[in-house]
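1. Predicted model and sequence below, questions to follow.
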Amino acid sequence: MIPDSRQMSYSRGEITTFVMPHMQNVLGDLFGGHLMALVDQAAAVAAIRHAGCAAVTASIDRVDFRHPIPVGALVTCYSSVDFVGNSSMDITVNVFAEDVRTGQRTHTHVAHAVFVAIDKDRRPKRVPRLVAETEEEKRRYDEACRYRAQNPRAR
């Protein structure tokens, strides 16, 4: 049985990987397609945790590419559920690159994804309500509400 609500902190996700040479683009940086796969996986972690069941990608509405990530860097994707509908979940993924020699971390990308919880018959399934407890969580929730209002495809 799925609980009626879950705190935002419950469903946070984190994925870290090392950028290997086979993952590079023609400029020697992480290929965008590999980054998209990492973002999708990190978002799935948050969605599945929150839903307590299978969840699938409905859309990746936006990815802001701010900085390239070189081969050899550690890449960490942090995901959080920021808003829920009946079966859908809005998820933000923040991506950081770390230079392993210096420990310097750079916020390189931000992505927004929508996932839908599904039942065993692959039909949309209701998800727990989302409880924002901290001021930061309330800000993220309000931001997600504004994003949904301005982006009808994100619903």
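-> That came in fine, so what should we check first?

2. Which strands and helices lie in contact with the longest strand seen in the chain?
-> Ranked by residue count and defined by DSSP state E, the top strand of the chain is strand 105-117. In terms of contacts (3 or more Cβ pairs under 8 Å, 6 or more residues apart in numbering; DSSP states H and E), strand 105-117 is packed against helix 32-51, strand 55-65, strand 88-98. The C-beta positions use only the backbone N, C-alpha and C, and glycine is treated the same way.

3. Pull up the pairing partners for the last one, direction included.
-> Sheet partners assigned to strand 88-98 using DSSP bridges are listed as strand 74-84 (antiparallel), strand 105-117 (antiparallel).

4. Direction-wise, compare it with strand 55-65 and give the angle.
-> Regarding strand 88-98 and strand 55-65, their directions subtend 50 degrees when assessed with axes from the mean of the first three to the mean of the last three Cα atoms, to 10 degrees.

5. Hey, what's the angle from strand 88-98 to helix 32-51? Just curious.
-> Interaxial angle, strand 88-98 versus helix 32-51 (the same axes, to 10 degrees): 130 degrees.

6. Just the buried positions in strand 88-98, please.
-> Using 16 or more other Cβ atoms under 10 Å as the test for burial, strand 88-98 gives 88-98.

7. again with the second one
-> Taking 16+ other Cβ under 10 Å as the neighbour-count basis, strand 55-65 is seen to contain the buried residues 55, 58, 60, 63.

8. From those residues, pick the one nearest residue 123.
-> Distance to residue 123, by Cβ to Cβ, is smallest for residue 55 among the buried residues of strand 55-65, at 12.6 Å.

9. and the closest one, what pLDDT?
-> pLDDT for residue 55: 98.

10. Also residue 61?
-> Per-residue pLDDT puts residue 61 at 81.

11. And for residue 145?
-> Listed pLDDT for residue 145 reads 89.

12. In space, what's closest to it - neighbours in sequence excluded?
-> Counting by Cβ to Cβ, 6 or more residues apart in numbering, residue 83 is the residue found nearest to residue 145 once chain neighbours are left out, at 6.4 Å.

13. Many thanks, have a good one.
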